[in-house]
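J.: A predicted structure for the sequence below; I have some questions about it.
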Amino acid sequence: MARKPTRSNARKTKGAASGARGRNARPAPARGPRRPFRPLRLAGFILLRSTTILIVGIMVAVLATSFMNPPTNWYMASESRRLGGVDHQWVPIESVAPVMVRSAVAAEDANFCLHWGFDVEAIRQAMEGGSARGGSTISQQVVKNVFLWHGRNWARKVLEAAITPAVEAVWSKRRILEVYLNVAEFDEGVFGIEAAARHYFGVGPERLTAQQAARLAAILPSPKTRSAAQPSAFVRQRAASIQDGAALIRADGRASCFED
């Protein structure tokens, strides 16, 4: 007759089995040293992620505004807060007198149809002559007015240089001019050619004459100190030059990229 294992023997057997398992068990892997905290790596990661988000956001904005009209911009919004409102109404380029479009190009960027966003020759001449405008093209001014902020600093200049080729690649030249004429400042609180034509001459932009268009273009670099309705001698002289320039770019083909 087999003996039943006593409780004491059972505990011994269980302990022996547990000891055997303990002897045969693999030792726990030793933990390696913790990786040191590297702030430069973290900063680089954050910078890379932020740059990627910024580039994607800019490209989305450029694509969207190729067919959607930007309702406002940073400068217009700040002026609206300062003045309690601004005069601005969007108008399609088809409703603007062609002579006004040519006058703006003649005044601000005569080689508009010949470059891809940067007029290298104009930049060189501006650097040699110490021009305050720096040879900015209409495309660069559109980028500044629509996507960026006013002011002279390297951050804005770098972004402007990066976004301008994208705008030139996605938008048509005619679209660039349409946006330019609708966001340009023509007087304190007066933005866009629709508001400017009625503010100075009491007519719609489609009825502007060559002289009126030239005067409006002449005040663009400094709209708060010049007047198209009561032009100074300098503005009159400048407007006469612009009027001749508008006729010239039409005759020599430099208006071909934006005129039907």
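T.: That came through, no problem.
J.: and the helices in the stretch 1-150 of the chain?
T.: For the stretch 1-150 of the chain, applying DSSP state H, counting those that start in this stretch gives helices covering 7-24, 39-64, 74-83, 98-108, 120-129, 138-147.
J.: closest to Glu160 out of those?
T.: The closest of the helices of the stretch 1-150 of the chain to Glu160 is helix 138-147. By C-beta to C-beta, the value is 5.3 Å. C-beta here means a position set from N, CA and C on the backbone, and glycine is covered the same way.
J.: Gln211 sits in which helix or strand?
T.: Assigned by DSSP states H and E, Gln211 belongs to helix 210-218.
J.: other SSEs contacting that helix?
T.: helix 98-108, helix 193-201, helix 233-251 (3 or more C-beta pairs under 8 Å, 6 or more residues apart in numbering; DSSP states H and E).
J.: among the ones you listed, which is the most enclosed?
T.: Among these, judged by mean count of other C-beta atoms under 10 Å, the one packed with the most neighbours on average is helix 98-108 (a mean of 24).
J.: got the angle between it and helix 233-251?
T.: Compare the direction of helix 98-108 with that of helix 233-251 by axes from the mean of the first three to the mean of the last three C-alpha atoms, to 10 degrees and you get 110 degrees.
J.: got the contact list for Gly245?
T.: With contact set as C-beta atoms under 8 Å, 6 or more residues apart in numbering, Gly245 has these partners: Ser103, Ala106, Ala107, Ala110.
J.: 10 Å instead?
T.: Gly245 makes contact with Arg102, Ser103, Val105, Ala106, Ala107, Ala110, Ala214, Ala217, Arg254, according to C-beta atoms under 10 Å, 6 or more residues apart in numbering.
J.: doesn't Ala255 make contact with the first one?
T.: Yes: at 5.5 Å, Arg102 counts as touching Ala255 under the criterion of C-beta atoms under 10 Å.
J.: quick one on the thing from earlier: for the contacts of Gly245, work out which two are farthest apart.
T.: Ala214 and Arg254 (16.5 Å).
J.: re earlier: mutual contacts of Arg102 and Ala255, please.
T.: By C-beta under 10 Å, 6+ apart, Arg102 and Ala255 have these common neighbours: Ala246, Ala247, Leu248, Ile249.
J.: contacting residues for the third one?
T.: Which is Leu248. By C-beta under 10 Å, 6+ apart, the contact list for Leu248 reads Arg102, Ala106, Ala110, Arg254, Ala255.
J.: how much space separates the last one from Lys157?
T.: Read that as Ala255. 29 Å (C-beta to C-beta, to the nearest Å).
J.: please name the nearest non-neighbouring residue to the most centrally placed residue in the chain.
T.: Against the mean C-alpha coordinate of the chain, by C-alpha atoms, centre = their mean, the closest residue is Phe147 at 2.9 Å. In this structure, Phe147 finds its nearest non-sequential neighbour in Ile163, 5.8 Å apart by C-beta to C-beta, 6 or more residues apart in numbering.
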